[in-house]
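>>> Sequence first, predicted model second:
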Amino acid sequence: MTDFIHLQPVSLKPSTVALPGSKSISNRTLLLAALSDNACEIRSLLKSDDTDRMLEALTALGIRLENIEEGRLKVYGCGGRFPKQEADLFLGNAGTAFRPLTAVLAILGGNFHLHGIPRMHERPIGDLVDALRIAGARIDYLDNDGFPPLQIGNYTDTNQRIIPIKGNVSSQFLTALLMALPLTGKAFEIHVEGELISKPYIDITLKLMAQFGVTVEHYDYCIFKIPANSHYHAPEYLHVEGDASSASYFLAAGLLSGQPIRVTGIGGNSIQGDIAFAHELEKIGGTVVWGENFIEVSRPEGQTVLPFDLDANHIPDAAMTLAIVALASGETCTLRNIGSWRVKETDRIAAMATELRKLGATVIEEAEAIHITPPATLIANAEIDTYDDHRMAMCFALVSLLKTPVIIKDPKCTYKTFPTYFEVLASLSTDN
């Protein structure tokens, strides 16, 4: 694949897309399986850059992994204690690997160096480190305070059983604490300070932990109680749901094109909060059909795409797709409460504003919101920079459904979560 892809205007046919496995579920499941006291076969595991980084880390920590066939992996758990107590771990830009591994290794103790690409070293981790230090972890910053790279040393129990964590930067900090503290065998309370963002991602964590034998009670997402004598015990088999965030591009394609586009691998009972994206499409003109293992979106003939003003805190990743849908609405659209975009793979508010303007949109950028007014006619052949951010590339590819050719730079950045994205999108075309 070249360093850009030139997408021509395309019409879609009724189609079905089998989703790749969820990144959030895949990396959480890999780590929980590795920490269990038995073996677990994981099915429909996502193959991507982010899961590769987690697998490399687990291998470096001494975990035995057995590839059965594509998408099926057997993980032999270590019983809550990694065989290797010293490792140098490169984790790329995989937040779903970096944050939980930081917490788990800090609680277990040892001698570990955690680092990633330059952007990972710009993504804050200070709130998580502060919480882990209260619990007894030894963590040193190797460059800038509050940011990776990190050096982790021995753990000393401080007998502090109430651990505060800020909730307004990244839900991955709370996820990391929830997954790590049961390894002590002690009872803990985690107290969330301020508003907890991205609550549906915490629900994923809690539901997966319960499948691995650790049930955490919470009180309105403010206090989380980890029971004493906890340990992880894996189910014999675990199926990874399709990625609901990745589903958003194809569900939006159904709305924009009017053709029924169905995604399989998730359904109405999914544990992923991003399925709420389909509800948002329904509010702005989409017709949504729900099944046990599918979601389908289309748009009735004559129904326009309606403008919206949405608090998107509950679907921060999928909400990026709505920024492109806004271009089809004809009026100003607003996404609010998306401050977490600023600390993702790139500053997504700034990046989205910059690239939408290349298409002729008028964009007002705020600290935690973005207002998008589409032009009368989109600018053709805009060269979209993707900032090494998979979601920027996948979102802006949908511009080709708006009768507008577009150039997507660095399309290989989609390998982070969806290596075959552009091939799958092309397969929906009436030309295929």
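Structure received.

>>> Export only the CA atoms of stretch 87-94, formatted as CSV.
Extracted in CSV, the C-alpha atoms of stretch 87-94 (Å, rounded to 0.1, in the frame of the first residue of the first chain):
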residue,chain,number,x,y,z
ALA,A,87,11.5,-6.9,31.2
ASP,A,88,11.8,-4.0,28.7
LEU,A,89,8.4,-3.6,27.1
PHE,A,90,7.8,-1.5,24.0
LEU,A,91,4.0,-0.9,23.7
GLY,A,92,3.8,1.4,20.6
ASN,A,93,0.8,3.7,21.0
ALA,A,94,-1.5,1.1,22.5
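
>>> Show the contacting residues for the residue lying closest to Thr158 once chain neighbours are set aside.
Once flanking residues are discounted, Thr158 sits nearest to Gly136: 4.3 Å by Cβ to Cβ, 6 or more residues apart in numbering. In this view, the C-beta of every residue, glycine as well, is placed from N, C-alpha and C. By Cβ atoms under 8 Å, 6 or more residues apart in numbering, the contact set of Gly136 is Tyr155, Thr156, Asp157, Thr158, Gln160.

>>> Would you mind listing the buried residues in stretch 120-138?
By 16 or more other Cβ atoms under 10 Å, the buried positions in stretch 120-138 come out as 120-121, 123-125, 127-132, 135-137.

>>> so of those, which ones are in helices?
Among the buried residues of stretch 120-138, the residues falling in helices (DSSP state H) are Asp127, Leu128, Val129, Asp130, Ala131, Leu132, Ala135.

>>> related to what we said a few turns ago, pull out the buried residues from the contacts of Gly136.
Buried among the contacts of Gly136 by 16+ other Cβ under 10 Å: Tyr155.

>>> Report how many residues lie close to Glu66.
11 (other Cβ atoms under 10 Å).

>>> ugh, wrong one, I meant Pro118
Neighbours of Pro118 (other Cβ under 10 Å): 8.

>>> if I pick the residue lying closest to Gly116 once chain neighbours are set aside, what's in contact with it?
Once flanking residues are discounted, Gly116 sits nearest to Leu91: 4.8 Å by Cβ to Cβ, 6+ apart. Residues near Leu91 by Cβ under 8 Å, 6+ apart: Arg53, Met54, Ala57, Ala97, Phe98, Leu101, Leu114, His115, Gly116, Met120.

>>> ok, now His314?
Here His314 is in contact with Ser198, Lys199, Pro200, Gly273, Ala276 (Cβ under 8 Å, 6+ apart).

>>> and of those residues, the nearest to Ile226?
Nearest to Ile226 among the contacts of His314 is Lys199, at 18.0 Å by Cβ to Cβ.

>>> and that closest one, what pLDDT?
Note for Lys199: predicted pLDDT of 95.

>>> ok, it - contacts?
Contacts of Lys199 by Cβ under 8 Å, 6+ apart are Ser171, Tyr221, Gly273, His314.

>>> okay, now the nearest residue to the first one once chain neighbours are set aside: neighbour count?
Ranked by Cβ to Cβ, 6+ apart and with sequence neighbours excluded, the top spatial neighbour of Ser171 is Ser198, at 3.8 Å. As a burial measure, Ser198 scores 22 neighbours (other Cβ under 10 Å).

>>> can you offset everything so residue one is 19?
Yep, numbering from 19; the last one is Ser216 now.
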